[in-house]
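Trainee: just the structure for this:
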Amino acid sequence: MKTLQKLAGYLVTLAMVSFSAFAQTASLEGEVKGEDGKPLKDALIKLERKDIKGSYKVKTNKKGQWFHAGLPLGTYDILCEVEGKVVDQVKGVRTRLGDPLPVNFDLSRMAAQRAAMEKAAATGQVTEELSREMSKEQKEALEKAAKERAAAMAKNKELNDAFNAGMENLKTKNFQASIEAFEKAAGIDPKQVVIFANMAEAYVGLAGTKTGEEQTTILNKGMEAYGKALELKPDDAGMHNNYALALAKAKKYPEAQAELDKAAQLDAPNAGRYYYNLGAILTNVNQLEPASIAFKKAIGADPNYADAHYQYGLYLFSKATITADGKTVPVEGTSESFQKYLELKPDGPFAEAAKGMLTAIGSQVTTEYKNPNAPAPKKGATGTTKKK
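Mentor: Predicted structure coming up:
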C-alpha cells in the first residue's frame, strides 16, 4: 500500500514537472502586408533571441500570416525579410505565457512614411503626423539632410549664376568678364568639364584682341584651361580638335598635330574634318608637304570631303612644271582632284577657282555637274572648324 502511494506521489511530481516545462514556452504570430497593402506571401520572419543565443525562422502563408510556437520565454528581435533584404524589424519583444503575442508588419505604411520623409527632406517641411511617428534619430537625420540640401541649393544657384554669366559674356565677346565668371564657377565646382572648355574659349578669344607678350600669356592660360578640361574628359574628340586650333594660334604646331591625330582616332566618322583642319594649319605656316599628307588622310577618311580634294589639288598644282614654250605640265592626280571637287560641290566656294586651275593645266572643264546632296559650303580656303 505504501509502495503504491509512493509511486502515485512520483507520478504527480512527474506530471507537475512536465506541466512546468511545457508552460515555459511561448508563441508569436502576426501578419505581413506588402507595399500595395495586400497580404504578402513568403516573407521570411526571423526571430533572434537576445538574452540567450537562439534563432528561429518562419515564412508567411498565402494570407500573409505567420506563427511560431514552442519558443523559450525571453527577449527577441523580430525581423521581416523580403527577397533577401530586411525591410522592417521590431526589437526587444518579450514573449509571454498564454495566447500568442502578435507582431505585425505593414510595409504599405512604411512606404507611405518613407515617401513622407523624402518629401520632408526635399521641402524641409514636416507634417504633425509624421513628426509624431518619427524617432529622435529620424528627426536628427531629417534636420541634417535639410541643412545639407539648403547648402547644396545655395551652392548650385551660385554655380549656375556664375556659369550662365560666363556664357552670356562669351556670346557678346566680353571675354574678360566671361573669364572672371568661369573662374568663379570653377572655384565652386572644379569637376565640371564644360566650365573649363568655355573658359579656354574665352581666353583664346581675349588673346585675339591682344598682341606680343600679353597675347602669349593669355593664350597659355587658354592652353591650361583646355588641359584641365581634357583631364576631366580625355576621350572628347571635339575638345582635342578645339585645343589643337588654339595650339596652332600659339604657333605650337607639333602639339596641334598630335591633338588632331587624337581627335581622329577617337572619332573615326569625323576623322576627315580633323585631318583637314591639320592640313589647313600646316598650309597656313607654309608646311606644304606635311599639309598634303594631312589632306590625303582627310580624303582617305572621307572620300566625299570636297574641300580636302580642292586643297590637295592646290598642293599638286604647286608641283607642276613649265615647259620652254610656257606650257604647264601638272603632276599626276592634279586634274582628278579639281574634277572631284567640282563633282561634289559644283556650286561650292572654290568652284570657279577649280575651273580656273583646270583651264590653266589644259584640262577640259565639265559643265554638267549635279550633286543635289552636296553639303553646305564650308568657310575659307583653309579655314578650320571647331566642334562643340
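
Trainee: any idea how far residue 111 is from residue 272?
Mentor: To residue 272, residue 111 is 56 Å away according to CB to CB, to the nearest Å. Every C-beta, even on glycine, is put in place using the N, C-alpha and C of the backbone.

Trainee: pick out whichever of these two has more residues nearby.
Mentor: The neighbour comparison of residue 111 against residue 272 (other CB atoms under 10 Å) goes to residue 272, with 22 against 15.

Trainee: quick one, what contacts the nearest residue to residue 266 once chain neighbours are set aside?
Mentor: Leaving aside its sequence neighbours, residue 266 sits nearest to residue 237 (CB to CB, 6 or more residues apart in numbering; 4.0 Å). Residues near residue 237 by CB atoms under 8 Å, 6 or more residues apart in numbering: 262-264, 266-267, 270, 274, 387.

Trainee: what do you get if the cut-off is 10 Å, keeping everything else the same?
Mentor: For residue 237, the contact set (CB atoms under 10 Å, 6 or more residues apart in numbering) comprises 259-260, 262-271, 273-274, 387.

Trainee: what of residue 316?
Mentor: Residues in contact with residue 316, defined by CB under 10 Å, 6+ apart, are 292, 295, 330-338, 357, 361.

Trainee: likewise for residue 310?
Mentor: Contact analysis of residue 310 by CB under 10 Å, 6+ apart lists 295, 337-338, 340-342, 344-345, 348-351, 353-354, 357, 381.

Trainee: what about 7 Å?
Mentor: For residue 310, the contact set (CB atoms under 7 Å, 6 or more residues apart in numbering) comprises 338, 341, 350, 354.

Trainee: which strand or helix spans the last one?
Mentor: Assessed by DSSP states H and E, residue 354 sits inside helix 351-360.

Trainee: summarise which helices and strands that helix is packed against.
Mentor: If contacts are counted by 3 or more CB pairs under 7 Å, 6 or more residues apart in numbering; DSSP states H and E, helix 351-360 sits against helix 306-317, helix 334-344.

Trainee: most tightly packed of these?
Mentor: Highest mean neighbour count of those: helix 306-317, a mean of 25 (counted as mean count of other CB atoms under 10 Å).

Trainee: who does the helix or strand just after it pair up with?
Mentor: Heading C-terminal from helix 306-317, the first helix or strand you meet, by DSSP H and E, is strand 321-322. Strands that pair with strand 321-322, judged by DSSP bridges, come out as strand 328-329 (antiparallel).

Trainee: contacting residues around the partner strand?
Mentor: Residues outside strand 328-329 that contact it (CB under 7 Å, 6+ apart): 320-323, 360-361.

Trainee: pull out the buried residues from the residues you listed.
Mentor: When those are checked for burial by 16 or more other CB atoms under 10 Å, the buried set is residue 361.

Trainee: sorry, back to before: biggest separation within the contacts of residue 316, which pair?
Mentor: Maximum pairwise distance in the contacts of residue 316, criterion CB to CB, is 18.5 Å, between 295 and 361.

Trainee: give me the buried subset of the contacts of residue 237.
Mentor: The neighbour count (16+ other CB under 10 Å) marks 259-260, 262-264, 266-267, 270-271, 273-274, 387 as buried among these.

Trainee: now, the residues you listed that are in helices?
Mentor: Assigned to helices by DSSP state H, the following of those qualify: 259-260, 262-264, 266, 271, 273-274.

Trainee: looking at those residues, which is nearest residue 313?
Mentor: Among these, residue 273 lies closest to residue 313 (CB to CB), at 18.2 Å.

Trainee: what's the spacing between that closest one and residue 264?
Mentor: As judged by CB to CB, residue 273 and residue 264 stand 9 Å apart.

Trainee: go on, residue 278?
Mentor: Residue 278 is 8 Å from residue 264, by CB to CB.

Trainee: show me what contacts the residue most central in space within the chain?
Mentor: Closest to where the C-alpha atoms of the chain average out (CA atoms, centre = their mean) is residue 233, at 10.5 Å. Shown in contact with residue 233 (CB under 7 Å, 6+ apart): 193, 239.

Trainee: need the phi and psi values for it.
Mentor: Torsion angles at residue 233 (phi, psi; degrees, to the nearest 10) stand at phi -140, psi 80.

Trainee: and the pLDDT for it?
Mentor: Residue 233 is assigned 94 on the pLDDT scale.

Trainee: contact partners for residue 239?
Mentor: 197, 229-230, 233.

Trainee: just the mean pLDDT for stretch 55-70, thanks.
Mentor: In this model, stretch 55-70 has a mean pLDDT of 95.

Trainee: how far does it stretch from start to finish?
Mentor: End-to-end distance for stretch 55-70: 13 Å, by CA to CA, to the nearest Å.

Trainee: and it, what's buried?
Mentor: In stretch 55-70, counting by 16+ other CB under 10 Å, buried: 58, 60, 64, 66, 68.

Trainee: again with stretch 219-239
Mentor: Applying 16+ other CB under 10 Å to stretch 219-239 flags 219, 221-223, 225-226, 228-230, 232, 236-239 as buried.

Trainee: got the CA positions of that stretch in PDB?
Mentor: Provided in PDB are the C-alpha atoms of stretch 219-239 (Å, rounded to 0.1, in the frame of the first residue of the first chain):
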ATOM      1  CA  LEU A 219      47.000  82.000 -74.900                       C
ATOM      2  CA  ASN A 220      49.000  80.000 -72.400                       C
ATOM      3  CA  LYS A 221      46.200  80.400 -69.900                       C
ATOM      4  CA  GLY A 222      43.800  79.100 -72.500                       C
ATOM      5  CA  MET A 223      46.000  76.100 -73.000                       C
ATOM      6  CA  GLU A 224      45.900  75.400 -69.300                       C
ATOM      7  CA  ALA A 225      42.100  75.600 -69.300                       C
ATOM      8  CA  TYR A 226      41.900  73.100 -72.200                       C
ATOM      9  CA  GLY A 227      44.400  70.900 -70.400                       C
ATOM     10  CA  LYS A 228      42.100  70.800 -67.300                       C
ATOM     11  CA  ALA A 229      39.100  70.100 -69.400                       C
ATOM     12  CA  LEU A 230      40.800  67.100 -71.100                       C
ATOM     13  CA  GLU A 231      42.000  65.800 -67.700                       C
ATOM     14  CA  LEU A 232      38.300  65.600 -66.800                       C
ATOM     15  CA  LYS A 233      37.200  64.200 -70.200                       C
ATOM     16  CA  PRO A 234      40.200  62.800 -72.100                       C
ATOM     17  CA  ASP A 235      38.000  61.000 -74.700                       C
ATOM     18  CA  ASP A 236      36.300  64.100 -76.100                       C
ATOM     19  CA  ALA A 237      37.400  64.300 -79.700                       C
ATOM     20  CA  GLY A 238      35.800  67.800 -80.200                       C
ATOM     21  CA  MET A 239      37.800  69.100 -77.300                       C
END
